[in-house]
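can you look at this prediction? I've put the sequence above it.
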Amino acid sequence: MVIVGDDPASQVYVANKEKACTELGMYSEKYALPAETTEEELLSLIDRLNHDDKIHGILVQLPLPKHLDDKLIINHILPEKDVDAFHPANVGKIMIGDFDFVPCTPAGVMELIRESEVPVEGKECVVIGRSNIVGKPMSMLLLHQNGTVTICHSRTKDLKDVTRRADILVAAVGIPKFVKADMVKPGAVVIDVGMDRDENGKLCGDVDFAEVEPIAGAITPVPGGVGPMTIAMLMRNTLTAAKRAHEKKGC
Ligand code: GUN
């Protein structure tokens, strides 16, 4: 795990990932680098981790400070150690449906759907948000399960009309309590990927839980919904990476 700078939310996410490694007995190293870290320093750390046989997965927590180029840094991680599935090689594999690593948050959502026996095939799936980390891969995973997928974003016209069609509604927009009751079809499965703060600074999601919960068929809370799944999926990807590395070595 590599974290650069002192973004408080990122510090919490990385601490939770470190805790999960400890709980699972997974060896981990954490590099907390100062905000002034140069591109060269960060690239050279990634180089070292790329070539370290003890390390099967590398995670660089995003966002990075502005002077560092996210794309350049992510592209430097060996695809077989890219347990976030952010490297273009892994993104491309997700697109064609032939992948080892699934981005952790969308993977966690799919796992919740699978475990809860929510059918996806032929269903109207609406994803609010088109980020590379969540919205886009989320849509691909639903599509691979034969969902009829619509991606909404800030320029979508008549958003409510679109979201009200959803049998499965995934909110990944980053705006606190954005999804209101009149945006949800009664009985819909509502999955909240948001990690926001409300007007009192309290952790909340992208869905107005109090409003939506009475009409949803199923709904995930924040905290305690998608968040813990994201970490579990990161651990799964890391285990996959380790297994792959051992297979490659023939042991
Ligand atoms: N920042 C927000 N979500 C993530 C994530 O899943 N992985 C990394 N590396 N950074 C993030």
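Noted; the coordinates are in hand. Numbers count the residues shown, from 1 in each chain.

how about the residues of the stretch 101-250 of the chain by the ligand?
Residues of the stretch 101-250 of the chain lying close to the ligand (CB under 6 Å from any ligand atom) are Cys104, Thr105, Ile133. No exception for glycine: its C-beta is placed from N, CA and C like everyone else's.

quick one: buried residues of stretch 30-46?
Tyr31, Leu33, Thr37, Leu42, Leu45, Ile46 (16 or more other CB atoms under 10 Å).

test my guess that the last one contacts Ile74.
No. Contact between Ile46 and Ile74 fails when scored by CB atoms under 8 Å: they sit 9.4 Å apart.

spit out the residues that contact these two alike.
Contact with both Ile46 and Ile74 is made by residues Val60, according to CB atoms under 8 Å, 6 or more residues apart in numbering.

could you count how many residues lie near His56?
21 (other CB atoms under 10 Å).

keeping just the C-alphas, turn the longest helix along the chain into PDB.
In the chain, taking DSSP state H as the definition, the longest helix is helix 226-249. The C-alpha coordinates for helix 226-249 follow below in PDB (Å, rounded to 0.1, in the frame of the first residue of the first chain):
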ATOM      1  CA  VAL A 226     -20.400  -1.600   0.000                       C
ATOM      2  CA  GLY A 227     -17.400  -0.300   1.900                       C
ATOM      3  CA  PRO A 228     -16.400  -3.600   3.700                       C
ATOM      4  CA  MET A 229     -17.000  -5.500   0.500                       C
ATOM      5  CA  THR A 230     -14.500  -3.300  -1.400                       C
ATOM      6  CA  ILE A 231     -11.800  -4.300   1.100                       C
ATOM      7  CA  ALA A 232     -12.800  -7.900   0.900                       C
ATOM      8  CA  MET A 233     -12.500  -7.800  -2.900                       C
ATOM      9  CA  LEU A 234      -9.100  -6.200  -2.700                       C
ATOM     10  CA  MET A 235      -8.000  -9.100  -0.500                       C
ATOM     11  CA  ARG A 236      -9.400 -11.600  -3.000                       C
ATOM     12  CA  ASN A 237      -7.600  -9.900  -5.900                       C
ATOM     13  CA  THR A 238      -4.300 -10.000  -3.900                       C
ATOM     14  CA  LEU A 239      -4.800 -13.700  -3.200                       C
ATOM     15  CA  THR A 240      -5.500 -14.300  -6.900                       C
ATOM     16  CA  ALA A 241      -2.300 -12.400  -7.700                       C
ATOM     17  CA  ALA A 242      -0.300 -14.600  -5.300                       C
ATOM     18  CA  LYS A 243      -1.800 -17.800  -6.700                       C
ATOM     19  CA  ARG A 244      -1.000 -16.700 -10.200                       C
ATOM     20  CA  ALA A 245       2.600 -15.800  -9.300                       C
ATOM     21  CA  HIS A 246       3.100 -19.200  -7.700                       C
ATOM     22  CA  GLU A 247       1.600 -21.000 -10.800                       C
ATOM     23  CA  LYS A 248       3.900 -19.000 -13.000                       C
ATOM     24  CA  LYS A 249       6.900 -20.100 -10.900                       C
END
